[in-house]
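> Okay, predicted coordinates and the sequence, questions at the end:
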Amino acid sequence: MEASAGLVAGSHNRNELVVIHGHEEPKSLKNLSGQVCEICGDEVGLTVDGELFVACNECGFPVCRPCYEYERREGTQLCPQCKTRYKRLKGSARVEGDDDEEDIDDIEHEFNIDERNTNTNIAEAMLHGKMSYGRGPEDDDNAQYPPVIAGIRSRPVSGEFPISNHAYGEQMMGSSLHKRVHPYPVSEPGSARWDDKKEMGWKDRMDDWKMQQGNLGPEPDDSADPDMAIVDEARQPLSRKVPIASSKINPYRMVIVARLVILAFFLRYRILNPVHDAFGLWLTSVICEIWFAFSWILDQFPKWFPIDRETYLDRLSLRYEREGEPNMLAPVDIFVSTVDPMKEPPLVTANTVLSILAMDYPVDKISCYISDDGASMCTFEALSETAEFARKWVPFCKKFSIEPRAPEMYFSEKVDYLKDKVQPTFVKERRAMKREYEEFKVRINALVAKATKVPLGGWIMQDGTPWPGNNTKDHPGMIQVFLGHSGGHDVEGNELPRLVYVSREKRPGFQHHKKAGAMNALVRVSGVLTNAPFMLNLDCDHYLNNSKAVREAMCFLMDPQVGKKVCYVQFPQRFDGIDRHDRYANRNTVFFDINMKGLDGIQGPVYVGTGCVFRRQALYGYEPPKGPKRPKMVSCDCCPCFGRRKKLPKYSKNGVNGEANTTGFDDDKELLMSQMNFEKKFGQSPIFVTSTLMVEGGVPPSSSPAALLKEAIHVISCGYEDKTEWGSELGWIYGSITEDILTGFKMHCRGWRSIYCMPKRAAFKGSAPINLSDRLNQVLRWALGSVEIFFSRHSPVWYGYKEGNLKWLERFAYVNTTVYPFTSLPLLAYCTLPAICLLTGKFIMPETQTLQSHLRQSDDEDFGELYAFKWTTLLIPPTTILVINLVGVVAGISDAINNGYQSWGPLFGKLFFAFWVIVHLYPFLKGLMGKQNRTPTIVVIWSVLLASIFSLLWVRIDPFILKTKGPDTKQCGLNC
Ligand SMILES: O=c1ccn([C@@H]2O[C@H](COP(=O)(O)OP(=O)(O)O[C@H]3O[C@H](CO)[C@@H](O)[C@H](O)[C@H]3O)[C@@H](O)[C@H]2O)c(=O)[nH]1
Ligand SMILES: [Mn+2]
Ligand SMILES: [Zn+2]
Ligand SMILES: [Zn+2]
């Protein structure tokens with residue numbers, strides 16, 4: 001336990017827990033066994049009878065008793081080698097799910113009950129901490145969350161509040177001098193496995209290259225040449241576009257075209273053949289069909305050029321993290337938004353924050369800003385606890401390069417000790433850390449439990465002063481800086497990233513613009529405090545699942561060739577805890593795996609509100625740099641602003657034409673004028689305005705931390721945005737509850753491009769609404785947001801033609817995202833039509849006889865032959881569908897007859913849909929049957945053939961059948 005001593009310092013209640021897991025064998029016996037445990041490296045030890053302890057009777061894989069107990073209790077419950085389920089051995093505690101009774105003798109039952117009781121009170125309470133997602137398998141659905149308040153550390157609130165410079169110090173100024181260069185752990189054992197291949201690829205090539213050199217000459221010159229190879233490698237592009245193979249995409253394109261042609265003919269026919277005795281029905285249906293056709297086109301065409309991308313993290317590191325030189329990776333400010341601690345549990349937010357603080361990036365270059373729109377003391381205190389816990393958690397993550405770095409998810413994943421064992425102390429430290437985390441959870445849950453009843457007179461902070469946010473709708477702005485350069489180090493003495501709590505001022509009568517407003521407040525606070533050139537935006541329930549995600553983004557944003565025109569890098573939204581069937585379509589597969597890739601091939605993916613790394617300059621309403629892709633070196637060390645002026649053409653209305661003024665400030669008046677202009681746009685904060693001029697980021701060296709904090713409070717005051725361009729041209733754009741679409745749209749209109757980045761290991765993961773009403777609410781909200789945009793001045797239908805920067809396919813996509821909710825109306829109408837038809841006996845299609853005569857007419861036309869060919873081919877799909885459905889109906893009914901009464905229920909639903917389709921195709925069927933001699937035989941043959949193939953395939957792969965029938969047969973096999 002010495003190795004983890006540092007990690008557990010200051011904790012409590014450990015005694016009981018240690019006993020549970022502790023080694024109990026007397027020392028003398030222990031030394032006798034000699035065999036080493038393959039999990040922890042300790043001796044396996046002997047049993048009470050003096051025999052060697054054997055955990056697995058199947059293969060005898062050496063595992064010591066504590067490891068065995070732990071595995072049974074909280075691990076995989078399997079032997080790491082042969083994967084046989086561990087049996088319960090003499091003297092070991094019962095574990096939920098134990099069904100192997102054979103090895104248990106009765107004498108031990110009493111003992112087990114006792115031990116179980118002592119275990120439950122703390123360990124189980126901790127395991128079952130309140131967490132609405134990512135539950136480990138040890139949590140069952142009815143788990144009660146006892147409000148365990150015992151053992152809560154009394155923790156002094158650090159520094160004064162709301163403005164505290166306690167945790168602040170001089171890190172603002174000294175940010176360019178890196179105290180600790182944190183090299184990218186290329187060769188660290190166990191460093192994230194998912195991209196080892198890429199790393200190895202490069203290393204292999206280096207080795208190959210060295211080998212070749214060695215073979216060529218007797219004495220390879222190993223001083224200069226490998227360096228040259230590294231330099232060459234570092235010069236290579238940081239990412240690559242991987243076009244989708246044309247063999248893959250062309251069939252898809254052909255289908256689009258084919259459908260388009262069919263659609264055209266279909267509509268032509270529908271329009272030219274009104275049904276006179278049911279004109280209203282006909283008109284309604286035709287209008288609906290035209291709308292469906294239109295929205296289908298809007299949806300299809302932006303998918304025309306999908307692309308994939310590949311990143312080279314090793315080159316990024318070679319280029320910007322040279323050994324012996326300061327780390328040149330760009331700083332990143334991370335924004336996390338949260339509102340209501342009851343709906344967005346602090347433990348979830350804490351996990352997000354911990355995953356951010358532990359990310360694989362130089363610590364002095366990341367700052368995490370939490371926006372608390374709920375002004376909740378619970379969130380604040382939880383964050384303070386989180387900062388404290390991060391001191392242990394962050395070094396643990398980095399030491400063992402674990403993934404993911406959100407503890408809840410990490411501990412809910414099982415470890416395979418044979419594969420994952422990287423360092424001898426890992427197993428023990430992991431267990432110690434798990435315990436630490438469980439204690440942390442108890443503390444957070446206690447805070448939440450406390451927060452449910454507001455005391456009379458409001459909340460009081462630990463130092464006795466009232467919480468400034470007691471009135472959530474009327475309170476001052478609050479900022480607290482945790483961690484960071486002088487704010488405390490981790491348990492190993494290393495620096496930690498800055499963590500900043502921000503709650504913007506709220507006053508009655510001021511619009512706060514929800515998330516967009518919160519984000520804009522963070523843009524300004526971070527501009528004043530750290531001013532990183534890039535910022536990552538996350539919802540509080542989206543944790544970092546891939547510790548290298550920001551590096552992935554930097555492969556695009558910092559690329560000298562493609563980077564300068566990239567406004568943001570969007571990652572797909574992935575979710576935990578979705579049921580296997582994705583009942584509520586949370587996964588949005590088509591959107592995130594097809595549409596977004598398609599957009600990436602045009603002008604870039606839309607911004608989806610979370611999991612996105614922005615270029616700060618793009619949020620400031622600037623246009624991308626024009627001209628050659630490779631930028632000229634414009635940098636100026638003497639002052640913060642003038643290296644920048646060249647790139648400010650949009651803000652040069654008053655004659656500040658950058659092109660002429662690259663060399664520096666030649667005119668003080670001009671400077672003053674532009675300063676005034678800037679304040680009109682950015683608001684009355686000289687410090688913030690100056691920060692906007694620094695392309696490479698950083699804060700002016702002259703400013704004191706105290707002054708900066710004062711200014712930060714100023715820029716989050718509620719009147720700050722009055723008469724500025726915030727929300728209309730700058731930052732997150734207001735005017736819709738789906739602010740994300742608008743924000744990205746504005747950037748694309750200015751000519752920026754965005755990038756879609758899909759690393760193999762999902763970059764971020766969120767928790768999706770897992771109950772129907774939440775999900776419906778969310779979908780409704782998104783739909784309303786889209787409609788808002790559609791009718792606003794920013795509607796993609798009419799906005800942004802003047803500049804001509806928005807590519808037309810990209811515009812299509814944006815129109816589609818704002819117009820799709822309208823589809824619900826014609827869809828509703830269209831679905832009602834069949835019922836109306838059934839009731840009235842009328843139909844939206846003319847009599848089938850008309851259809852046939854009509855077709856003969858067209859034979860006389862110029863392209864008659866082509867048309868006739870199409871006609872026969874076009875008959876195949878509907879005939880196929882018809883036959884499949886008929887087959888389905890027959891099969892379904894006969895199946896139900898065989899299986900008896902209870903299987904009729906689900907059948908009716910299916911029959912309904914089959915009939916639905918058949919009903920739709922009924923006129924068509926009548927047409928086929930009525931004029932049997934006229935139906936080309938080939939059509940019938942093909943259709944029956946296709947239908948039987950599909951039916952067979954369907955029967956074979958239907959997961960429903962597999963699922964329900966599997967266990968049944970097995971059970972039968974056991975019982976009979
Ligand atoms: O006044 C508010 C309201 C919301 N939020 C935050 O905004 C985020 C999104 O809000 P939520 O209610 O969770 O909406 P969702 O529908 O779950 O979010 C999706 O849809 C939103 C609107 O399109 C996007 O902004 C989100 O990033 C995206 O995940 C959350 O982090 C909230 O904490 C605030 O900061 N202040
Ligand atoms: Mn959400
Ligand atoms: Zn062991
Ligand atoms: Zn085994």
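Yes, it's here. All values derive from a computational prediction rather than experimental measurement. Ligands and ions are numbered 1, 2, ... in the order given.

> thought Lys398 was touching Ala358?
Yes. Contact criterion Cβ atoms under 8 Å: Lys398 and Ala358 qualify, at 6.8 Å. The way it works is simple: take the backbone N, C-alpha and C, and place the C-beta from them, glycine included.

> For those two, indicate the residue with more neighbours.
Set side by side, Lys398 and Ala358 show more neighbours around Ala358, with 27 against 22, by other Cβ atoms under 10 Å.

> In the stretch 301-450 of the chain, where is pLDDT below threshold?
Using pLDDT under 70 as the threshold, the predicted model of the stretch 301-450 of the chain has low-confidence ranges 416-423.

> which residue ranges form the strands in it?
Counting by DSSP state E, counting those that start in this stretch, residue ranges of the strands within the stretch 301-450 of the chain are 307-311, 332-338, 366-372.

> Take the ones you listed and write them to TSV, including mean neighbour count and distance to Asn520.
Below are these laid out as TSV (neighbours: other Cβ atoms under 10 Å; distance: least, Cβ to Cβ, whole Å):
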stretch	mean neighbour count	distance to Asn520
strand 307-311	17	30
strand 332-338	27	10
strand 366-372	26	10
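
> Take those and write them to JSON lines, including distance to ligand 4.
Written out in JSON lines, the entries for those read as follows (distance: least, Cβ to the ion, whole Å):
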{"stretch": "strand 307-311", "distance to ligand 4": "40"}
{"stretch": "strand 332-338", "distance to ligand 4": "44"}
{"stretch": "strand 366-372", "distance to ligand 4": "43"}
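
> Near ligand 1, which residues of the stretch 301-450 of the chain? Just list them.
Applying Cβ under 6 Å from any ligand atom, we find that the stretch 301-450 of the chain lies next to ligand 1 at 337-339, 344, 371, 373.

> can you check the stretch 451-600 of the chain too?
514-515, 518, 539-540.

> By neighbours, which of those wins?
For those, neighbours were counted using other Cβ under 10 Å, and Cys540 has the most, 27 neighbours in all.

> What are the neighbouring residues in contact with that one?
Contacts of Cys540 were listed using Cβ atoms under 8 Å, 6 or more residues apart in numbering, and they are 336-338, 344, 348-349, 352, 370.

> Please identify which pair of the residues of the stretch 301-450 of the chain next to ligand 1 lies farthest apart.
Spanning the widest gap among those are Glu344 and Ser371, at 11.8 Å by Cβ to Cβ.

> any residues in contact with both of these two?
Shared contacts of Glu344 and Ser371, defined by Cβ under 8 Å, 6+ apart, are found at Thr338.

> Excluding sequence neighbours, find me the nearest residue to the residue of the stretch 351-500 of the chain found nearest ligand 3.
For the stretch 351-500 of the chain and ligand 3, the shortest gap (Cβ to the ion) falls at Val427, measuring 6.8 Å. The shortest distance from Val427 to any residue that is not its chain neighbour, by Cβ to Cβ, 6 or more residues apart in numbering, is 4.3 Å, and that residue is Cys40.

> my read: that neighbour touches Tyr68, true?
No. Applying Cβ under 8 Å as the test, Cys40 and Tyr68 come out as separate, 10.6 Å apart.

> Alright, I will stop here.
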